[in-house]
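**Student:** Kindly return the folded structure for what I paste below:
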Amino acid sequence: MPVDVAPDPIPLTADDSTATWRLPLWLLQVLELAVAYLLISQSVHVAKGGVLAASGILLGVLTLTLDAPLGVLRICGPRLHLLLIRTLAAFMAATVVLPASRSDLEGIAIMLFAPVALVLLSTRTAVTIGRGRGVMGGRQGAIDATATVARTKAPAVPSPADSDVDSAIRRAGRSTGAVAAAGKRAVDQGRPVVEQQVKKGLRSAGRLAGRLTGTNRPPNDPR
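**Tutor:** Below is the predicted model:
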């Protein structure tokens with residue numbers, strides 16, 4: 001009996017009852033890389049842009065280590081990745097109120113936009129893993145012990161038309177055999193009579209030939 005081996009999907013997204021749309025992992029990676037590029041590129045245009053640069057670099061590292069289609073190292077599972085993204089968003093939002101890391105107006109707007117975007121993306125991402133898969137790596141599969149019963153082919157049932165044709169062929173064969181046997185018996189029974197008639201005819205023809213040759217003999221024949 002074959003056993004199907006397949007992962008049992010377990011949704012890992014937060015607030016699943018209120019979610020109306022979901023992002024695949026590869027699209028989440030693309031959007032995270034776009035946010036990381038925005039942070040790094042704008043860090044040189046604002047005051048105290050080191051926080052933006054560090055946040056963008058850290059976000060890019062997290063994106064490239066995710067076990068997903070666009071991941072490079074793929075050492076971080078989906079559950080841990082979403083947790084780290086939300087932690088990074090909380091850190092970025094906290095830097096806005098800290099005097100030591102507070103930037104100008106443009107930097108504050110970027111630092112507020114990026115955490116909100118990251119939290120929104122992390123809560124709207126469709127993530128499924130198999131049972132027994134760990135948080136790190138996420139490469140261990142799961143065995144679904146659902147048995148699949150192979151279908152057996154039912155024996156073919158002959159149709160009434162086929163049965164009638166076979167019966168007619170069998171009857172014709174039996175009739176032909178009976179006629180041939182009767183003809184053979186008739187030939188065997190009539191063969192002695194025919195042979196006797198042929199022999200009798202040959203003897204009569206011989207006698208007739210002898211009489212004809214005797215009447216045509218000359219008178220002075222010494223015989």
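**Student:** only C-alpha atoms for contact and neighbour calcs from this point on.
**Tutor:** Noted.
**Student:** least trustworthy helix or strand in this protein by mean pLDDT?
**Tutor:** Using mean pLDDT, DSSP states H and E, the weakest-scoring helix or strand in the chain turns out to be strand 10-11, at a mean of 50.
**Student:** so after that one, what's the next helix or strand?
**Tutor:** helix 25-42 (DSSP states H and E).
**Student:** Model confidence at residue 107, what's the number?
**Tutor:** Looking at residue 107, its pLDDT stands at 88.
**Student:** what's the burial count for it?
**Tutor:** Close neighbours of residue 107, defined as other Cα atoms under 10 Å, add up to 22.
**Student:** does it belong to a helix or a strand, and which?
**Tutor:** Secondary structure (DSSP H and E) places residue 107 in helix 105-123.
**Student:** ok and that helix relative to helix 25-42, angle-wise?
**Tutor:** Taking axes from the mean of the first three to the mean of the last three Cα atoms, to 10 degrees, one finds helix 105-123 and helix 25-42 inclined to each other by 170 degrees.
**Student:** which of the residues in helix 105-123 are buried?
**Tutor:** Within helix 105-123, the residues scored as buried using 16 or more other Cα atoms under 10 Å are 107, 108, 110, 111, 112, 114, 115, 118, 119, 121, 122, 123.
**Student:** Export those to CSV and append columns for distance to residue 44.
**Tutor:** Output for these, formatted as CSV (distance: Cα to Cα, whole Å):
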residue, distance to residue 44
107, 10
108, 14
110, 13
111, 14
112, 17
114, 16
115, 19
118, 22
119, 25
121, 26
122, 27
123, 30
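**Student:** name the helices or strands packed onto the helix holding residue 107?
**Tutor:** helix 25-42, helix 78-97 (3 or more Cα pairs under 8 Å, 6 or more residues apart in numbering; DSSP states H and E).
**Student:** Could you check the angle it makes with helix 78-97?
**Tutor:** 160 degrees.
**Student:** can I see the domain layout of the chain?
**Tutor:** Taking automatic domain parsing as the reference, the chain has its domains at 10-129, 165-215.
**Student:** Out of the ones you listed, which gets the lowest mean score?
**Tutor:** domain 165-215 (a mean of 72).
**Student:** and among the domains of the chain, the most buried is which?
**Tutor:** domain 10-129 (a mean of 18; mean count of other Cα atoms under 10 Å).
**Student:** backbone phi and psi for residue 66, please?
**Tutor:** For residue 66, the backbone dihedrals are phi -70, psi 140 (criterion: degrees, to the nearest 10).
**Student:** Was I right to think it contacts residue 79?
**Tutor:** No. Counting by Cα atoms under 8 Å, residue 66 does not reach residue 79; the two are 9.9 Å apart.
**Student:** Next, the contact list for residue 50, please.
**Tutor:** Taking Cα atoms under 8 Å, 6 or more residues apart in numbering as the contact definition, residue 50 lies against residue 43.
**Student:** how far away is it from residue 40?
**Tutor:** Distance check for residue 50 against residue 40: by Cα to Cα, to the nearest Å, it reads 9 Å.
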